[in-house]
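Participant: Starting from these lines, generate the structure:
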Amino acid sequence: MASRLCDFFEKPTFLYKMTLKENVGHFRMPEGLSGIEALGTCAKILRRYGGHGAAGGFYFQEKDSAKLQDCLENFFVKKLKLKKK
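Facilitator: Prediction:
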């Protein structure tokens, strides 16, 4: 699903599934962007992450979901020089 959304919107895409133990996420990036670089700026929030620039996965606790969203938004606002909504 992340791959299809990324291709359709041509935007960085992060999706996750909530589980009892921890949330499991996947990402896909359009050409020229690195999801690993983005997640690296949020490493303190994540339990673990990996992959390569264009695609990968990550794990985090539900209590940190808002922090993770804010961290990723801040990264891409700076990287792409966008205005934050």
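Participant: Pull out the buried residues from stretch 51-63.
Facilitator: Applying a neighbour-count criterion of 16 or more other CB atoms under 10 Å, one finds 51, 54-60 buried in stretch 51-63. (Each C-beta comes from the backbone N, C-alpha and C, glycine too.)
Participant: Give me the longest helix you can find in this protein.
Facilitator: Scanning the chain for the helix with the most residues, using DSSP state H, yields helix 65-80.
Participant: Check which helices and strands that one is in contact with.
Facilitator: Counting by 3 or more CB pairs under 8 Å, 6 or more residues apart in numbering; DSSP states H and E, the packing neighbours recorded for helix 65-80 are helix 35-40.
Participant: Just after the helix it packs on, pick out the following helix or strand.
Facilitator: strand 48-51 (DSSP states H and E).
Participant: For this protein, give me the ranges with low pLDDT.
Facilitator: Counting by pLDDT under 70, the chain shows low-confidence ranges at 82-85.
Participant: Centroid-nearest residue for it?
Facilitator: residue 14 (4.3 Å; CA atoms, centre = their mean).
Participant: just checking, it touches residue 29?
Facilitator: No. Look at residue 14 against residue 29 with CB atoms under 8 Å: they stay out of range, at 9.5 Å.
Participant: so what's in contact with these two at the same time?
Facilitator: Jointly contacting residue 14 and residue 29 under the rule CB atoms under 8 Å, 6 or more residues apart in numbering are residue 35.
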